[in-house]
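Asks: only geometry, no sequence info:
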């Protein structure tokens with residue numbers, strides 16, 4: 001086995017893992033705060049891809065500037081989606097919230113298919129590369145890792161160092177007690193849903209700078225997100241980042257030994273094994 005090639009695959013997988021973790025972070029944040037599994041996660045990721053794509057190709061805006069626009073749109077859309085599809089059923093049985101978010105997923109997929117068809121799209125982003133031996137680190141992937149780390153740090157500081165963030169954590173721990181303390185729980189839930197959606201759109205925008213995509217591409221990353229949140233621990237954003245790194249590293253290593261088509265199978269096996277052996281995940285509470 002070529003050691004340099006294995007090292008290159010590990011580094012590549014590790015860097016992708018940060019983006020995977022960022023995508024999963026939005027999913028696990030929403031679940032952690034309100035115990036809602038967002039089945040519109042895939043189309044939100046796709047929305048981030050197309051926002052960056054349209055701004056870049058139609059308006060000539062730099063993709064990374066477009067990422068900031070996608071961030072704001074994702075936050076606004078998440079808040080609207082919460083009030084339209086989730087707020088009225090948040091205390092209903094889990095199946096009800098699943099159906100509510102899944103209906104949003106179907107509507108968004110239908111609209112995106114009409115607007116963009118299923119033709120593959122791609123962005124041309126050149127940031128150079130660092131090469132040494134068999135190892136090549138693309139500038140786009142390095143920037144994606146940096147943005148993922150900054151987004152994670154910003155989320156942590158927001159949740160643990162700001163008054164609003166502490167209110168969100170209070171609502172997460174005990175919604176009734178938070179209301180008695182004068183916290184606007186509805187506003188905190190809507191904001192949390194918006195932030196979770198925003199993280200998904202950021203990851204989608206970053207993915208658009210790395211790979212080609214279609215309106216159906218989000219399903220692949222949604223599957224990875226579910227594996228990651230179970231691996232890292234449901235409701236734990238830090239665990240999501242760790243799970244993403246582990247999954248990315250695993251993908252990088254396994255592709256050296258098995259065909260790429262088998263990678264999803266390995267991911268599902270990991271998903272089932274974690275559920276059987278440690279349902280709380282690596283960093284999840286019991």
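Replies: Structure's in. What do you need? Since the model is a prediction, treat every value here as computed from it, not as a measurement. Numbering: from 1, shown residues only.
Asks: Could you pull out the helices in the stretch 1-150 of the chain for me?
Replies: Assigned helices in the stretch 1-150 of the chain, in chain order: 3-34, 41-59, 63-81, 94-116, 139-161 (criterion: DSSP state H, counting those that start in this stretch).
Asks: Could you list the low-pLDDT ranges of the chain?
Replies: Within the chain, the set of residues satisfying pLDDT under 70 comprises 1, 134, 282-286.
Asks: that older thread, closest to residue 179 out of the helices of the stretch 1-150 of the chain?
Replies: Residue 179 lies closest to helix 3-34 among the helices of the stretch 1-150 of the chain, at 14.0 Å (Cβ to Cβ). No exception for glycine: its C-beta is placed from N, CA and C like everyone else's.
Asks: Could you list the buried residues of that closest one?
Replies: Buried residues in helix 3-34, counting neighbours by 16 or more other Cβ atoms under 10 Å, are found at 8-34.
Asks: if we can go back for a sec, now for the helices of the stretch 1-150 of the chain, which one comes closest to residue 176?
Replies: Ranking those by distance to residue 176, with Cβ to Cβ as the measure, places helix 3-34 first at 13.7 Å.
Asks: ok, residue 157 - how many residues close by?
Replies: Neighbourhood size, residue 157 [other Cβ atoms under 10 Å]: 11.
Asks: To clarify, my last question referred to residue 120.
Replies: Under the neighbour criterion other Cβ under 10 Å, residue 120 is assigned a count of 11.
Asks: now the one 10 residues further on
Replies: The burial metric for residue 130, expressed as a neighbour count using other Cβ under 10 Å, is 10.
Asks: related to what we said a few turns ago, dump the helices of the stretch 1-150 of the chain to CSV, plus distance to residue 122.
Replies: Shown next, in CSV, are these (distance: least, Cβ to Cβ, whole Å):
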stretch, distance to residue 122
helix 3-34, 16
helix 41-59, 8
helix 63-81, 11
helix 94-116, 13
helix 139-161, 12
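Asks: between the ones you listed, which one is nearest to residue 245?
Replies: With Cβ to Cβ, the closest approach to residue 245 among the helices of the stretch 1-150 of the chain belongs to helix 3-34: 4.0 Å.
Asks: ok now the closest one, how far from the chain's centre?
Replies: Relative to the chain's own centre, helix 3-34 is displaced by 9 Å; criterion: Cα atoms, centre = their mean, to the nearest Å.
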